[in-house]
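S.K.: Predicted model, plus sequence, below.
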Amino acid sequence: MGFPTQARAVAAALNARLIGDADAGIARAVHPAEAREEGDLAVAVSKDMLRFLPETKAQLVLTMEGTDLDARFRTVILVKSGRSNVADVTQVFRHRPKAAPGIHPSAIVAEDATIGADVSIGPYTIVGAGAAIGARTMILSQATIAEGAAIGEDCLIYPGVRIGWGCRVGDRAIIHSNATLGADGFGFVPTAPGAVETARGSAASPSERPQRNPLQKIHALSIVEIGDDVEIGALTSIDRGTLTPTRVGNGTKIDDLVMIGHNVQIGTDCMLCGQVGLAGSVVVGDGAVLGGRVGVADHLKIGAGAVVGGGSGVGTNIPAGGVYLGSPAVPREEMFENLRLMRRVKRFLEAAKESKPGGAGKAQDRKD
Amino acid sequence: MGFPTQARAVAAALNARLIGDADAGIARAVHPAEAREEGDLAVAVSKDMLRFLPETKAQLVLTMEGTDLDARFRTVILVKSGRSNVADVTQVFRHRPKAAPGIHPSAIVAEDATIGADVSIGPYTIVGAGAAIGARTMILSQATIAEGAAIGEDCLIYPGVRIGWGCRVGDRAIIHSNATLGADGFGFVPTAPGAVETARGSAASPSERPQRNPLQKIHALSIVEIGDDVEIGALTSIDRGTLTPTRVGNGTKIDDLVMIGHNVQIGTDCMLCGQVGLAGSVVVGDGAVLGGRVGVADHLKIGAGAVVGGGSGVGTNIPAGGVYLGSPAVPREEMFENLRLMRRVKRFLEAAKESKPGGAGKAQDRKD
Amino acid sequence: MGFPTQARAVAAALNARLIGDADAGIARAVHPAEAREEGDLAVAVSKDMLRFLPETKAQLVLTMEGTDLDARFRTVILVKSGRSNVADVTQVFRHRPKAAPGIHPSAIVAEDATIGADVSIGPYTIVGAGAAIGARTMILSQATIAEGAAIGEDCLIYPGVRIGWGCRVGDRAIIHSNATLGADGFGFVPTAPGAVETARGSAASPSERPQRNPLQKIHALSIVEIGDDVEIGALTSIDRGTLTPTRVGNGTKIDDLVMIGHNVQIGTDCMLCGQVGLAGSVVVGDGAVLGGRVGVADHLKIGAGAVVGGGSGVGTNIPAGGVYLGSPAVPREEMFENLRLMRRVKRFLEAAKESKPGGAGKAQDRKD
């Protein structure tokens, strides 16, 4: 009755067993605690979600084979337990943007741009001279594809995305709102030796510096190259390289508000979580995972399959498969060792206090 | 004389006492050090500002009752000292955006969108199918309200804001430029166990990993729900939930460049300062305050009324009313205790050095 | 042959010596490892790049006088070694945006806006009432210059930039995509004493707080003032001041995703790297350099010529010429001293363990 799909179809799509009413209409898939209305299908495919199943208001449930359920549900869909359960279920219910096919009359597309078949270019979008948009790619609205830029096939570009001149994006990319690719890398040379050189001892002391010391721009001549199957989060910035393209490999996923500096080279199937920052010329190997807010200093190398814990500040190269934590980031074992050390120091000082009345510890505490 | 208001009116609006010329025209309210022109009203309602009053070039002054003033001012407005003095004064002088009423001819508003009374929708804005805009809300320009999204009454939406499909914003919200609501949450499952699982010891070692290990997307099916009286800063991103809406409670204020992950639940009257990052499924209780750059790891709970100091990295739950600092964040007292401990260690080693010539300290330092 | 320039012209522009074919066409300047095609000029003006020269596929090379080269290159351009070599070379090859002169018919420019000579205002840009755009400034597209804002001469404004009402930008500024100037500063007063005041011990305990504690807005009445020759990165936010303009001095360069709070005062020729965050009312002296991800707490002062290492969290004032590192940031020497201290502690505990069997160290380790 106006529901977008039926329990039967969902079960079929997931190759799942269905118990109860196969005709039940499904409006949306929700967490068990969020079910409110008739068409709500409560999804409980992890331990965390299962805890909420007894209290759910849903009449329709999707869960794993072997789950102990009471008899009150109208429809139960049972999937085999597997690592991709959540991904599979959400795939069935995923949102498809409603973009009109073709080029919206308000889009400004250069005459010499190459536009693939079945492309959708939304309103107030600009496609510059010599740019190329691959088949079936959807650019939702108000985006900018600058001159000479190339987007692959089957991409989804959200509103406000800015792709700079000459940048290249592979197939099946998803780029979220207001992300920017191809801003100039941040490189400047002080006319005279500046504060950094002074700090390194390679220049005269600050008092001898001239009144003004203009910073000369190192222009970014190269581009950004994004592979296939890459996802880029909202408000993420990927700067163009100086003489080498800034590269993101196939299958790599980048979260929101991430900063990727000029000349950075990222491998395949990496994950860069929210607010990660990679300074210029960083290299990230295949399959590496950088937790939220990880920062990496310029020119460092993160090995393939390495994992860097959230919030870490990386100041050294990380070997392949390394698991690093902290600021400065150290191997996990070393971090734990350091924590143990601190606890031992505490106990040592406690003991020293007790055994030597008037000793170093106690006496000096009064001065704190 | 072309001044937007008079001293008399300002005094009346603030229920303040006026001494001197009540007809003086006021062009703008400024810090005492910034007064330059005839219509400048120097505002000095805090100790910090009062220090600059003796040197101000202003002829017009607004300050607190009891302030010792010289006689040179043309007009003095005296408010009673109170916690909201600055807020009250700025309220009188606040900027009101000059947005034309109605729908600008260049705005593209879906036929079935619901548009309230006295709405202003600025140029090059897009309002999608089934979207709703509440009465008196102003959308300045070039914004995107995607299909099915709903904005409440009396909101102010700045240029370049992107509200994703289905997202909901309450009444009296202010959303600053280029903020995005409703980008997909960042969730992926490696096809085979990936680097994180290897790091946890729950998978084979890196060398056994296949060449490629594609990340399967967990689609974000849910929305973002913003309460009433919420303010969201420029370039802030709030991701949509997977099966649960990402929620921001009534009265909560969020600064610029903040990242709020999928499924996050934020209470009422919270403050999230600039560059805060909340990973997926974090819960923040009512009235909590997160200082600038605070990061919180996924699934953690920040209790009501908790305060987390700027720059902290939160790796544990924080109880209601807790005051936490550092990375990893610990209770304030523990942080101070740790600092005391370090100072004590320093002194202990100094003492050890002096009492035992050739002892551990000195001898080994040569190796450094 | 369709190449944009010839070796002869490049050598002349750089005042460089040319060996070999002066007529060789040059398509682009690239890193030696990136040369692929006939017109590629391999640039090797640093040690790092020189390492790649023996393997380059380029036929055309630009390097420093005195470099040992084999005879296989068709053309060699030799510059004198100097600190600005990279900058000089990139200057010759820099990209010039292809913006049509004049005001694009789709741009909405207020009748009373002041538009200088030879300005380019791109499509879907909005210029508000009373705004001013200086001569030869290029606004690429889809940007917003709000009412009363003023942009100087010879500026380059990328797509999606938002300049708020009344804000002022000097000459020769470059502002990258989706940056925002002039969002409201983040200032609120809780109606009753809130969590922060409770934490400071200046208010009742949390349990006595009322159910709701609305935050009253301190409106930002002032503007953002940007000097001449300033560059602002993509997705950077500079908030407007309360009663004082937020100011960025001449020649200062700001990277992407930087957050500059209200009332901040930044001097001339500073460098603020990616993701830096300055809380409200911070003062940064001339020529200071803040590494990537540096955070500075509100009201602090960074002295002229100071250098703050990447990732540092600044919690105290920093003197002129100071070199600070860490969180909380301390002088470089102190940081190294602390690291030495920790190493000494480790050794001391090791020694204690060995000399006293069953002592503090060993015995208690079993409890860990």
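M.R.: Perfect, I can see it now.

S.K.: Where do the helices of chain A begin and end?
M.R.: A:7-13, A:47-50, A:85-93, A:195-199, A:332-355, A:360-365 (DSSP state H).

S.K.: what would those look like in JSON lines with mean pLDDT, distance to chain C and mean neighbour count?
M.R.: C-beta coordinates here come from the backbone N, C-alpha and C atoms, glycine included. Formatted as JSON lines, these follow (pLDDT from 0 to 100; distance: least, C-beta to the nearest C-beta, whole Å; neighbours: other C-beta atoms under 10 Å in any protein chain shown):
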{"stretch": "helix A:7-13", "mean pLDDT": "97", "distance to chain C": "38", "mean neighbour count": "18"}
{"stretch": "helix A:47-50", "mean pLDDT": "92", "distance to chain C": "29", "mean neighbour count": "14"}
{"stretch": "helix A:85-93", "mean pLDDT": "96", "distance to chain C": "28", "mean neighbour count": "20"}
{"stretch": "helix A:195-199", "mean pLDDT": "86", "distance to chain C": "4", "mean neighbour count": "21"}
{"stretch": "helix A:332-355", "mean pLDDT": "81", "distance to chain C": "5", "mean neighbour count": "15"}
{"stretch": "helix A:360-365", "mean pLDDT": "40", "distance to chain C": "13", "mean neighbour count": "16"}
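
S.K.: Out of those, which is closest to C:Arg136?
M.R.: With C-beta to C-beta as the criterion, C:Arg136 lies closest to helix A:195-199 of the helices of chain A, at 32.1 Å.

S.K.: on that earlier part again, is it possible to export the helices of chain A to JSON lines including distance to chain B?
M.R.: Shown next, in JSON lines, are these (distance: least, C-beta to the nearest C-beta, whole Å):
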{"stretch": "helix A:7-13", "distance to chain B": "13"}
{"stretch": "helix A:47-50", "distance to chain B": "8"}
{"stretch": "helix A:85-93", "distance to chain B": "4"}
{"stretch": "helix A:195-199", "distance to chain B": "22"}
{"stretch": "helix A:332-355", "distance to chain B": "6"}
{"stretch": "helix A:360-365", "distance to chain B": "5"}
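
S.K.: Ok, which of the ones you listed comes nearest A:Gly321?
M.R.: The stretch from the helices of chain A with the least distance to A:Gly321 (C-beta to C-beta) is helix A:332-355; that distance is 11.6 Å.

S.K.: Pull the distance from the closest one to the chain's centre.
M.R.: Averaging C-alpha coordinates over helix A:332-355 and over its chain gives two centres that are 37 Å apart (C-alpha atoms, centre = their mean, to the nearest Å).

S.K.: now swap in stretch A:21-30 and tell me
M.R.: 32 Å.

S.K.: Stretch A:309-323: end-to-end distance?
M.R.: Taking C-alpha to C-alpha, to the nearest Å, stretch A:309-323 runs 8 Å from one end to the other.

S.K.: about what we covered before: now the helices of chain A as JSON lines including distance to C:Glu231?
M.R.: As requested, these are exported to JSON lines (distance: least, C-beta to C-beta, whole Å):
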{"stretch": "helix A:7-13", "distance to C:Glu231": "51"}
{"stretch": "helix A:47-50", "distance to C:Glu231": "46"}
{"stretch": "helix A:85-93", "distance to C:Glu231": "41"}
{"stretch": "helix A:195-199", "distance to C:Glu231": "17"}
{"stretch": "helix A:332-355", "distance to C:Glu231": "38"}
{"stretch": "helix A:360-365", "distance to C:Glu231": "51"}
